[in-house]
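K.L.:
sequence? don't have it. structure:
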C-alpha cells in the first residue's frame, strides 16, 4: 500500500524542507517523492543534512513542470489545505484520509497523491481544484502554519498507521468496481467539457463565476470510472457535433 | 486538557531542533516546554528561525538539571522510545496514548509529561525507568530514527486529536478516585524503598540485578494514589523501625 502513495511538493523554496520531507517519508516507509517546479536546489548541503540518511530519496525524486504532470497517473489526489476556501470542497481530516487509504490503494494500477504547496502561500485555488478532496491538519487557530516537513510527517504517519491496521485486518474482499479514471483522463475530460461549454455559449471564460470549479468538484467527488469517462467524453463529442462548434478538420 | 501536557526534552544538542519543537507544540496548542540539561543554547539564531513565530515558547521554557526535577509535579510520565529494552515496560502506540489522555488530564492538579531523549542516543535506561510507560512511534524498521521535532510533532498531533475528540464527546462523569501520587512522591517512595531494601539486606546496589527497575515497573504500572503511597511509605518506616536499620536521629 505505501508504495502506491506519492508525496507531491509544489514550488518548494528551502532545500532543508525537501530534506526534512525525505526523512519523514523514509521513516514512515514512503518512497515516491515528486517535485513540481521547485524554487531551490534539490541536492544541496541543507537537504542532505536534514534528510539525515534518507538522501537516496532526494536522488530518485521525479521532477515536473506542472501539478497535472506530477499526478497524471494518480487515481486520487488530495491537497493539503490550511484554509477553508471560497468554494467548499470535500474536506477530510488526516484520520479520515487514513481510513480511506487501504481501499484507495487496493485496485491494480491505482496511485494516491498527497499534494503540498509552497512554504509561504500553500496551494493556489487552481491547484486545490485539481484535487478530489482536501485534507486539513487540525492546528491552533492562532498559529496554523505548519512547517512543510512537519505537515508531511503527520500525513505520512497516518499513512503508516493505516497500513499497519490493514496488515492486522483480514484481507478485503476484491471489489468488482471498474477501473477508476486517472487524473490525466479527468483533466482531458475537463478541457473537453470547458471547450464544449464555451462552444455552446454556456460558459464565458471572461466571466467564469466558478462554473468550472463547481463542475470539477462534482465530477471529482463522483470518482468516475474509465468507462463512465468514455461515455461523458462521447456526450461532449456528440454535443459539439450537434452544435457544429467543432472547428472543421483541415 | 492541552495546558496540562508538558513536553520534556533531555540533553538536546541542536538549537534548530528546540525551535522546531516549539513550532510543532504551538501549532498543536501545547505551551509547556521543559528542557533538561540542554547541550546547546536555547535562544539562538537557529532556534528562533525554526520556531518561525513560536519563539515565545523558547523564552518561557523551564530549565532543569535532572529529569526528576522536570517531572516532579507530573502524575503521568511517558518516555518516547525507539527500541524495546532488556526489561520490557508498558508500551503504548501514540494512538493508545492519545486515547488515555482525556482521562489522564481530567483530575485537578494532574500533569502529563511526554519525555524525549537526545538526538543521538535517545533516553537512557535509567530515564526510561522513571516513566510510567513508553510510547513508540511506528517507523520503518530500516530507518527508525525520527528527527526530534518530527517525533514531537506526531505526539503533539495525537494530543490535539484527542483533545478535539473530547470536545465533541459528552462531558465525562467525574471520577471519585483519589488523587494520584506525583512523580516526586513516587521518587521519594522508590528512594525510601531502596534504602529499606538495602537496610534489610535484600538488595545489594553492587549487584542490582534489575531489582529496582522491576519494582519501579510494578508500582508505576499500578498508578498509586497519594493515600496508597502514604500507606506504602508507612510500611517502609515500620520495616526500618522493626529491623532497626534507620540511622538514629542526631
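P.N.:
Nice, thanks for sending it over. Source: prediction; values computed, not measured. Numbers count the residues shown, from 1 in each chain, chains lettered A, B, ... in the order given.

K.L.:
up against chain B, what does chain A have?
P.N.:
A:20, A:23-24, A:26-29, A:50, A:52-54, A:94-95, A:137-140, A:143-147, A:149-150, A:153-154, A:157, A:160-161, A:164 (Cβ under 8 Å from any Cβ of the partner chain). Just so you know, the C-beta spots here come from the backbone N, C-alpha and C atoms, and that holds for glycine as well.

K.L.:
out of those, which end up buried?
P.N.:
Buried members of these, counted by 16 or more other Cβ atoms under 10 Å in any protein chain shown: A:20, A:23-24, A:26-29, A:50, A:52, A:54, A:94-95, A:137-140, A:143, A:145-147, A:149-150, A:153-154, A:157, A:160-161.

K.L.:
what about these, which are in helices?
P.N.:
Using DSSP state H, the subset of those located in helices is A:20, A:23-24, A:26-28, A:50, A:94-95, A:149-150, A:153-154, A:157, A:160-161.

K.L.:
just flag the most distant two among those.
P.N.:
Spanning the widest gap among these are A:50 and A:95, at 27.0 Å by Cβ to Cβ.

K.L.:
tell me the confidence at the residue most central in space within chain A?
P.N.:
Centroid-nearest residue in chain A: residue A:77, 2.6 Å away (criterion: Cα atoms, centre = their mean). Residue A:77 carries a pLDDT value of 94.

K.L.:
any idea what it is bridged to?
P.N.:
residue A:113 (DSSP bridges).

K.L.:
roughly how far does it sit from chain B?
P.N.:
Counting by Cβ to the nearest Cβ, to the nearest Å, the gap from residue A:77 to chain B is 23 Å.

K.L.:
and what of residue A:178?
P.N.:
34 Å.

K.L.:
quick one, domains of chain A?
P.N.:
Chain A resolves into domains spanning A:2-168, A:183-243 when parsed by automatic domain parsing.

K.L.:
quick one: contacts for residue A:213?
P.N.:
A:87, A:125, A:129 (Cβ atoms under 8 Å, 6 or more residues apart in numbering or on different chains).

K.L.:
circling back: mean pLDDT lowest for which of the domains of chain A?
P.N.:
Taking the mean pLDDT of the domains of chain A, domain A:183-243 comes last: a mean of 87.

K.L.:
any residues touching stretch A:237-245, and which ones?
P.N.:
Against stretch A:237-245 from outside (Cβ under 8 Å, 6+ apart): A:192, A:195-196, A:199-200, A:246.

K.L.:
again, only this time at 10 Å
P.N.:
With Cβ atoms under 10 Å, 6 or more residues apart in numbering or on different chains as the test, stretch A:237-245 has contacts from A:192-193, A:195-201, A:246-247.

K.L.:
in strands, which of the residues you listed fall?
P.N.:
Using DSSP state E to define strands, no part of these is located there.

K.L.:
those residues into CSV, with extra columns for neighbour count?
P.N.:
Output for the contacts of stretch A:237-245, formatted as CSV (neighbours: other Cβ atoms under 10 Å in any protein chain shown):
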residue, neighbour count
A:192, 17
A:193, 20
A:195, 15
A:196, 21
A:197, 18
A:198, 13
A:199, 17
A:200, 13
A:201, 9
A:246, 14
A:247, 7
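
K.L.:
chain A: helices as residue ranges?
P.N.:
Going by DSSP H, chain A shows helices at A:15-28, A:45-51, A:55-59, A:67-70, A:94-104, A:125-128, A:148-168, A:183-199, A:211-222, A:226-243.

K.L.:
what is the second one packed up against?
P.N.:
Spelled out, that is helix A:45-51. For helix A:45-51, the packing partners by 3 or more Cβ pairs under 10 Å, 6 or more residues apart in numbering or on different chains; DSSP states H and E come out as helix A:15-28, helix A:55-59.

K.L.:
who wins for proximity to residue A:115 among those helices?
P.N.:
Short answer: helix A:15-28, nearest of the helices and strands packed on helix A:45-51 by Cβ to Cβ, at 12.6 Å.

K.L.:
name the nearest residue to residue A:223, ignoring sequence neighbours.
P.N.:
In space, and not counting its chain neighbours, residue A:223 is closest to residue A:180: 6.1 Å by Cβ to Cβ, 6 or more residues apart in numbering or on different chains.

K.L.:
residue contacts, the nearest residue to residue A:32 once chain neighbours are set aside?
P.N.:
Nearest residue to residue A:32 in three dimensions, chain neighbours excluded: residue A:6, at 4.2 Å (Cβ to Cβ, 6+ apart). Counting by Cβ under 10 Å, 6+ apart, residue A:6 touches A:30-34, A:62, A:70-71, A:73-74, A:77, A:111-115.

K.L.:
looking at these, spot the one nearest chain B.
P.N.:
Checking the contacts of residue A:6 against chain B with Cβ to the nearest Cβ, the nearest one is residue A:30 at 8.9 Å.

K.L.:
residues near the closest one, how many?
P.N.:
26 (other Cβ atoms under 10 Å in any protein chain shown).

K.L.:
against residue B:151, how distant is it?
P.N.:
17 Å (Cβ to Cβ, to the nearest Å).

K.L.:
next, count neighbours for the residue lying closest to residue A:133 once chain neighbours are set aside.
P.N.:
Leaving aside its chain neighbours, residue A:133 sits nearest to residue A:90 (4.2 Å; criterion: Cβ to Cβ, 6+ apart). By other Cβ under 10 Å, 14 other residues sit near residue A:90.

K.L.:
so residue A:90 versus chain B, what's the distance?
P.N.:
Applying Cβ to the nearest Cβ to residue A:90 and chain B gives a distance of 19 Å.

K.L.:
what does residue A:126 give?
P.N.:
On the measure of Cβ to the nearest Cβ, residue A:126 and chain B end up 27 Å apart.

K.L.:
kindly report the same for residue A:166.
P.N.:
13 Å.

K.L.:
touching, that residue and residue A:101? I think so.
P.N.:
Yes: Residue A:166 lies in contact with residue A:101 (Cβ atoms under 10 Å); the separation is 8.2 Å.

K.L.:
mutual contacts of those two, please.
P.N.:
Shared contacts of residue A:166 and residue A:101, counting by Cβ under 10 Å, 6+ apart, come down to residue A:1.
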